[in-house]
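In: Pasting the sequence and the predicted model now:
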Amino acid sequence: MALDIRTGQGFDIHRFADAPEEGRVLVLGGVAFPGERTLVGHSDADVIAHAAADALLGAAGLGDIGQHYPDTDPAWKGADSLVILADAAAKVRALGWRIGNIDCSVVCESPRIAPHRDEMADRLTASVGAPVTVKGRRAEGLGAIGRGEGIMCLASAIISKES
Ligand code: MG
């Protein structure tokens, strides 16, 4: 028996809405930020959950998040992305993979991530059923993210299986 170990990389980016949208709130890592500018998206636009799901799917060779949860599918309109993330984890486990961990780097000028990092990690971890960590970074004023036009997130996942 050998241990098959795979890694996956995930990425997501959403732009801020030009104007507040009725009934919509900024959600990052499953944590709501009332009063902050909201992100444009088909689901709740949670870039951290999306990048984490993308990393998991990639690790298992299951493609990307857009293939499984297309933004043309009414089923995912306004969806809680923690549900999408949990579903991606289930898809990976259904192939016999054990999920090691996921580490996420979210890049934005606002809101401040650090005060909410532990709560995000707890919610994402509960969704995946394996440790998920979150780190917040600023883009130092560079590019679209640095100008505060949106939020992006990178994630990496590791999975393993006896083969
Ligand atoms: Mg997304």
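Out: Yep, that arrived.

In: Going by neighbour count, which residues in stretch 121-130 are buried?
Out: Within stretch 121-130, the residues that qualify as buried are A121, R123, L124, T125, S127, V128, A130, counting by 16 or more other Cβ atoms under 10 Å. (Each C-beta comes from the backbone N, C-alpha and C, glycine too.)

In: Give me every residue in the chain that's in contact range of the ion.
Out: D12, H50 (Cβ under 5 Å from the ion).

In: Tell me where the chain has strands.
Out: With strands called from DSSP state E, the chain shows them at 3-15, 26-28, 31-33, 98-107, 132-137, 150-162.

In: For the most centrally placed residue in the chain, give its distance to G30.
Out: The centroid of the chain falls nearest to A49 when counting by Cα atoms, centre = their mean (2.2 Å). According to Cβ to Cβ, to the nearest Å, A49 and G30 sit 6 Å apart.

In: Near the residue nearest to G29 when sequence neighbours are not counted, how many other residues are there?
Out: Among residues not flanking G29 along the chain, M120 sits closest, at 2.8 Å (Cβ to Cβ, 6 or more residues apart in numbering). Applying other Cβ atoms under 10 Å, we find 24 residues neighbouring M120.

In: Tell me who's in contact with the nearest residue to I151 once chain neighbours are set aside.
Out: Leaving aside its sequence neighbours, I151 sits nearest to C108 (Cβ to Cβ, 6+ apart; 4.1 Å). Contacts for C108 were tallied using Cβ atoms under 8 Å, 6 or more residues apart in numbering; they are G136, R138, A139, I145, G148, G150, I151, M152.

In: What residues does the residue in the chain that the ion sits nearest to make contact with?
Out: For the chain, the residue positioned closest to the ion under Cβ to the ion is H50, at a distance of 3.6 Å. If you count contacts by Cβ under 8 Å, 6+ apart, H50 has them with G10, D12, S43, I65, S81, I84, L85, C153.
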